[in-house]
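> using only what follows, build the 3D model:
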Amino acid sequence: MPVNLTANAIAAINGGDVNAKPLVQVLDIKLIGSSQERYRFLLSDAVATQHAMLATQLNDRVKTGRVRKGSVIQLIEYICSTVQNRKIIVVLNMETIILDCDVIGNPRVSEFDLLPEKPLSSGPQPSVNNSVAGAQNSSRTSYNNVKTSSSLNQGGNIQSFRPTVQPPYQPPPNYKNHGAIMRNEAPARIIPIAALNPYQGRWAIKARVTAKGDLRRYNNARGDGKVFSFDLLDSDGGEIRVTCFNAVVDRFYDTIEVGKVYVISKGSLKPAQKNFNHLKNEWEIFLETTSSVDLCPDEDTSIPKQQFSFRPISEIANAESNSILDIIGVVVTVNPSVPIMRKNGMETQRRILNLKDQSGLTVELTLWGDFCNREGQQLHDMVEAGIFPILAVKAGKVNDFSGKSIGTISATQLFINPDSAEAAGLRNWFDRGGKDTASHSITKEAILGGMKNETRKCLTQIKDEGLGRSDKADWIAVKATVSFIKTDSFCYTACPLMIGDRQCNKKVTKSGNSAWLCDRCNQEFEECDYRYLLQVQIQDYSGMTWVTAFQEAGEEIFGCSAKELYVWKNEMQDDLKYLEVVQNCLFREFIFKLKIKEEIYGDEQKLKITVVKADKLNYSEESRFLFDSISKRHMATY
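Numbering: from 1, shown residues only. Presented below is the predicted three-dimensional model:
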C-alpha cells in the first residue's frame, strides 16, 4: 500500500522540533561500538536522510527483528544533538508502522550529514550513497577539463600548471546576518533516566534521591580529594548514580537529602564502575561546577519512595559471592552487638540477626558500624518484646564464608516494617502459622558445590555407616544432649583485625611490650579477641561422642560470648557466675549440625566431628518433624 512519510521531517528535527512524531523510513542499520552495543540508523523522509543513534534500551527492537532495513517507523521521543561537529538524531522511543517496505522517494544526504566528520566509534562507518558518489565524480570531471584548458597558452604551447586546491564543501549557514550567535538558554527538556546517553548535549532529569553515601576522602598520585555519591529514581523506574568530587562536593553535599525530588542538569555521563555501583544502569552522572541541582518544592507522588527487587532466601543459596541484592524477611533472632577491630586499627561494631521467609529458610544478616546501634538496637528491642518485625534490606552484599549470608555495606538501606505488598504478604504468612514452621539456615550450612545433606541420624550411625571416611565430608543433624564440657581451656586469644569484611581470628601471642602480636597481620594491638574452642561430649539414645565447637556454636551453647566467660573466670574471678553458665548448658537438648571428616594427625588418622550449628530444641518444630517422619514411614509400608 502507498505510504507517505512526513514531509521535511529531517529538516524540522534539525531545526529543533521534537513534538511532531514524524513517520520516517530506516534505510540502514549498523552495529557500532566495542565496549557496548549501540545501533546507528540512517533515516529518510523521502527527500533527505539523516543519521540517528538508537537508545540502548531499544536495542532489543533490532535484535528481535521488530525493526529492520526498510521499516517505516514513527518517532515518539527523540532529540537532536551535535556530536563531533555533526548533528545526530537520538531516538528515545519509537513504534514500527510497516516492517518491510521498498525505499520511498529519492532521498539525498541532508546538509547536516555533510559537515566535517570524525568517526563516532571504532565500528564500521556508513557507506557513501549514490548521490554523493555522483557529486564526487562530477567534481573530478570538471577538474580534468579545467586542467586541460589551462595547460595551453594562446599559442598552443604547454605551460606548467599547479591546480588550485579547493576547500571542502561547507553547507550554507542557516542565519542571514553576521552578528554574534546567541546560546540557547532555554531550560532543557526533562527526559527519563533510561534515555540518558553521552550523545546528548542538553538534558534534564527529575528524580528522587533514594540513597546518599558518606563523604569519603582519598589520596592518590594526583593528591588529596573528597567524593560522595547519591542514587536517583524517577517515575519510570529508572535508576542512576550521581558522583561529586572536591569543589562540587562543597556545592551539593549539604543540599542533597534522601527522599527529596530534584531536577538535575548539565552533568556528564561516564560508564558506571560496576565494582562499586550496583544499580542497573550502564551510565553514571558526574556533576561539575556548572551543573544544576534544583529542589522541587511540591511533592511528586508519581515517583516512588524506593524501588526493590527482592530475592527469596532460597535463591541466595546459589547467588554469586559479593553480588548485591535486595531481600525481605521476618527478623526471628537478634544477637548482641560486639566490638570488632579493623585492620586499620579502627574499632567498629558488628551485630548478627536472622531473617526468615516463606521459602522455609533462614539467613544470617550481619550489620556493621552504625547499623548496629541504630536499626540493630531497635530490632533487638522488638524481638525481646515478642514482636517479630519485617525487615527489608536494600543493597545487601552476599558472603559465602561458611555458607551464604548477607552483610551491610555503605550503600545498604534497612526498612523496618515497610509499607509494601511484599511486607504485608510476609506478615500474613508469619502470623497465620509461618512462625511455627520448621526452617533451615543457609548460613554455615553449605559446602562447595551446593547445600549439604542434613539427614537426621543418631550418633551410632556415624561409626556404623563409616561417615566421614570418604574423600568428602559428611554432614548430618542429630538431636542430642550436652553431657560434659572441658572447661580448663574453652577459648583462645584471637586477632581482632578485619581483612576485608572478615575477621582475621588467627591465634595471637603476647609480645615483649605487653601488646598482642598477630604473625599473619604482622601488627600489634593492645586488646585481643576471645573465641570459643570447645571440646564437648554429646549423647543421644544410641550412644555418645566427642565433638569440637568453635565461636558461633559455642555462643549458641553457652548463650554468651567467649570474652564474657573469660572475664568472669579469670579477671573478675566470679566462680559462681562462671559455674552457673556452664551448669545451665549441661543436659540441655540441641539439634546439632555436624561436619564429619577423617583427618591425618602425624601418622594417625582420626575422625574429626565439628559442630557447625547448635539450635536449641524447639518442641513444636520437633513434634512436627516426628509426625512427618511417622507419616512417611506409614506411607512407605503401603
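> residue ranges with poor pLDDT in the stretch 51-200 of the chain?
Applying pLDDT under 70 to the stretch 51-200 of the chain flags the ranges 83-84, 110-187.
> find the nearest non-adjacent residue to the residue nearest in space to the middle of the chain, please.
Residue closest to the mean C-alpha point of the chain, counted by Cα atoms, centre = their mean, is His278 at 2.5 Å. Spatial nearest neighbour of His278, chain neighbours left out: Ile324 (3.7 Å); criterion: Cβ to Cβ, 6 or more residues apart in numbering. (Each C-beta comes from the backbone N, C-alpha and C, glycine too.)
> how about the strands of the stretch 301-450 of the chain, start to end?
Assigned by DSSP state E, counting those that start in this stretch, the stretch 301-450 of the chain shows strands spanning 324-334, 338-341, 347-356, 361-368, 390-399, 405-407, 413-416, 440-441, 446-447, 450-451.
> elements contacting the second one?
In this case it means strand 338-341. Strand 338-341 sits against strand 347-356, with contacts defined as 3 or more Cβ pairs under 8 Å, 6 or more residues apart in numbering; DSSP states H and E.
> and the strand it packs on, which strands flank it?
Using DSSP bridges, strand 347-356 pairs in its sheet with strand 324-334 (antiparallel), strand 338-341 (antiparallel), strand 361-368 (antiparallel).
> report the mean per-residue pLDDT for the last one.
Spelled out, that is strand 361-368. Mean pLDDT, strand 361-368: 91.
> offset the numbering so it begins at 109, please.
Sounds good: first residue 109 from here, last item strand 469-476.
> using PDB, write out every CA atom in that strand.
Below are the C-alpha coordinates for strand 469-476, written out as PDB (Å, rounded to 0.1, in the frame of the first residue of the first chain):
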ATOM      1  CA  LEU A 469      14.700 -21.000  55.100                       C
ATOM      2  CA  THR A 470      16.600 -18.500  57.200                       C
ATOM      3  CA  VAL A 471      19.700 -16.500  56.500                       C
ATOM      4  CA  GLU A 472      22.100 -14.500  58.700                       C
ATOM      5  CA  LEU A 473      22.300 -10.800  58.200                       C
ATOM      6  CA  THR A 474      25.400  -9.100  59.600                       C
ATOM      7  CA  LEU A 475      25.100  -5.400  60.500                       C
ATOM      8  CA  TRP A 476      28.300  -3.300  60.600                       C
END
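> what domains does the record give for this structure?
As assigned by automatic domain parsing, the chain contains the domains 117-240, 301-403, 421-548, 560-598+641-735.
> mind putting the ones you listed in TSV, distance to Arg628 included?
Shown next, in TSV, are the domains of the chain (distance: least, Cβ to Cβ, whole Å):
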stretch	distance to Arg628
domain 117-240	40
domain 301-403	26
domain 421-548	11
domain 560-598+641-735	17
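> tell me which of the ones you listed lies nearest to Ser619.
Closest to Ser619 of the domains of the chain is domain 421-548 (Cβ to Cβ; 15.8 Å).
> and the closest one, how far from the chain's centre?
Distance, stretch centre to chain centre, for domain 421-548: 17 Å (Cα atoms, centre = their mean, to the nearest Å).
> tell me the secondary structure for the nearest residue to Arg169 once chain neighbours are set aside?
Leaving aside its sequence neighbours, Arg169 sits nearest to Val175 (Cβ to Cβ, 6+ apart; 4.8 Å). At Val175 the chain is in coil, as set by DSSP: H, G, I helix; E, B strand; the rest coil.
> what about Val175, distance to Ile212?
Distance, Val175 to Ile212, by Cβ to Cβ, to the nearest Å: 16 Å.
> you'd agree Ser152 is up against Ile212?
Yes: applying Cβ atoms under 8 Å, one finds Ser152 in contact with Ile212, separated by 7.1 Å.
> among the two, which residue is more densely surrounded?
Neighbours around Ser152 and Ile212, counted as other Cβ atoms under 10 Å, are more numerous at Ser152. The numbers are 25 against 21.
> Val506 against Ala425, yeah?
No: judged on Cβ under 8 Å, Val506 makes no contact with Ala425 at a distance of 9.9 Å.
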